Every structure is written in C-alpha cells, then in structure tokens.
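S.K.: Just a sequence and a predicted model for now, questions to come.
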Amino acid sequence: KRRWASVEVVMSEEDAAVEEALRVARSAREEWRDGRAVLRARALSGGISNLSYVVCDAMGAGSLVVKLYGKGSELLVDRAWELQVLEELGRRRLAPRVLFARADARAEEFLHDARALDEPADMAEESVCCAIASKLA
C-alpha cells in the first residue's frame with residue numbers, strides 16, 4: 001500500500017485575485033450564484049489602488065466590473081462614503097450601478113460604450129462638457 005501525502009496547491013497572487021473576482025461576481029448576479037455558469041475574467045488596467053476585472057459568462061453576456069480594493073487603501077478612501085456616492089450616482093444614471101458591495105470589493109455594471117476620462121484635457125472637450133451638462137440638467 002502506498003500512502004499519498006496531502007497536496008498543497010499554491011496559487012500566484014494574480015490567480016488568487018482572479019478567483020476572488022469570480023467569487024464577487026457570483027455574489028453580484030443571482031443567475032450566477034449556483035456556481036454552474038462558466039465565468040471569464042479579464043483584467044482592466046488603470047487602477048491606482050484597486051485590481052479591476054471585467055467578468056462575463058462564457059457566452060459573453062452579463063458583463064460587470066469587479067473591483068478588489070488594494071491592501072490598506074481604506075486608509076486613503078472612506079469606502080462607506082464612496083459607496084453612498086456611487087449608489088446615488090448610479091440611481092441618477094451618472095455612473096455604473098453598484099450591483100454588490102462588501103468591505104474589500106464591489107461589483108458594478110460594465111458600460112460597454114463608455115470611455116474613461118483619463119486626462120484633464122478630456123474634461124475640456126466640448127462633447128464631454130455637453131454630455132455632462134445634459135445629464136446634470
């Protein structure tokens with residue numbers, strides 16, 4: 001008889017983050033909660049303190065964004081206040097709707113036709129100013 005030692009699976013930090021993003025996504029969508037849907041995650045760049053992923057099912061449907069808050073980022077950002085602001089902006093359709101939130105992560109709508117305003121000059125574009133003004137009016 002042979003005795004097998006227990007097997008230890010070691011995941012990289014990146015793999016662990018993807019797995020966590022998938023867990024958050026499953027919490028955000030009722031149709032994904034049973035664990036049967038095959039989900040895919042793609043990293044988004046540009047986060048200063050968060051790891052962000054677009055998560056969708058195998059058919060490419062139901063896309064959402066999962067943000068995993070960076071370690072210690074709560075020292076820089078009041079997450080409770082941020083969540084209140086984001087929920088209100090989402091209700092007014094000025095930002096993606098928050099679908100799920102917990103102390104260390106949140107999931108929100110993925111806006112397919114949106115683009116980030118990365119540079120201060122982006123805010124000075126006439127089309128951007130007009131779009132913002134019409135939403136606020």
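M.R.: Yep, that arrived. Numbering: from 1, shown residues only.

S.K.: only C-alpha atoms for contact and neighbour calcs from this point on.
M.R.: Will do.

S.K.: ok, longest strand in this structure?
M.R.: Scanning the chain for the longest strand, with DSSP state E as the assignment, gives strand 50-57.

S.K.: Could you tell me which strands sit next to that strand in the sheet, and their orientation?
M.R.: Strand pairing for strand 50-57, determined by DSSP bridges: strand 39-44 (antiparallel), strand 64-69 (antiparallel).

S.K.: so how many other residues sit close to Arg42?
M.R.: 13 (other CA atoms under 10 Å).

S.K.: Look up how far Asp57 lies from it.
M.R.: Per CA to CA, to the nearest Å, Arg42 is found 12 Å from Asp57.

S.K.: and the lengthiest helix in the chain with strand 50-57, angle?
M.R.: Under DSSP state H, the helix in the chain containing the largest number of residues is helix 13-28. Angle between the axes of helix 13-28 and strand 50-57 is 60 degrees (criterion: axes from the mean of the first three to the mean of the last three CA atoms, to 10 degrees).

S.K.: Next, the buried residues of helix 13-28.
M.R.: Buried residues in helix 13-28, counted by 16 or more other CA atoms under 10 Å: 17-18, 21-28.

S.K.: chain center to that helix, what's the gap?
M.R.: Its chain's average C-alpha position is 10 Å from that of helix 13-28, according to CA atoms, centre = their mean, to the nearest Å.

S.K.: which outside residues touch it?
M.R.: 32-33, 35, 39-41, 51, 53, 55, 64, 66-68, 99-100, 105-107 (CA atoms under 8 Å, 6 or more residues apart in numbering).

S.K.: ok, now stretch 85-99?
M.R.: Applying CA under 8 Å, 6+ apart, the set of residues contacting stretch 85-99 is 28-29, 106-111, 135.

S.K.: Likewise for stretch 109-116?
M.R.: 54, 63-65, 96-99.

S.K.: what's the span of stretch 112-132 from first residue to last?
M.R.: Span of stretch 112-132 from end to end, CA to CA: 18 Å.

S.K.: ditto for stretch 28-41
M.R.: Counting by CA to CA, the terminal residues of stretch 28-41 are separated by 14 Å.

S.K.: Relative to Asp78, how far out is Arg36?
M.R.: Taken as CA to CA, the span from Arg36 to Asp78 is 35 Å.

S.K.: I am finished for the moment; much appreciated.
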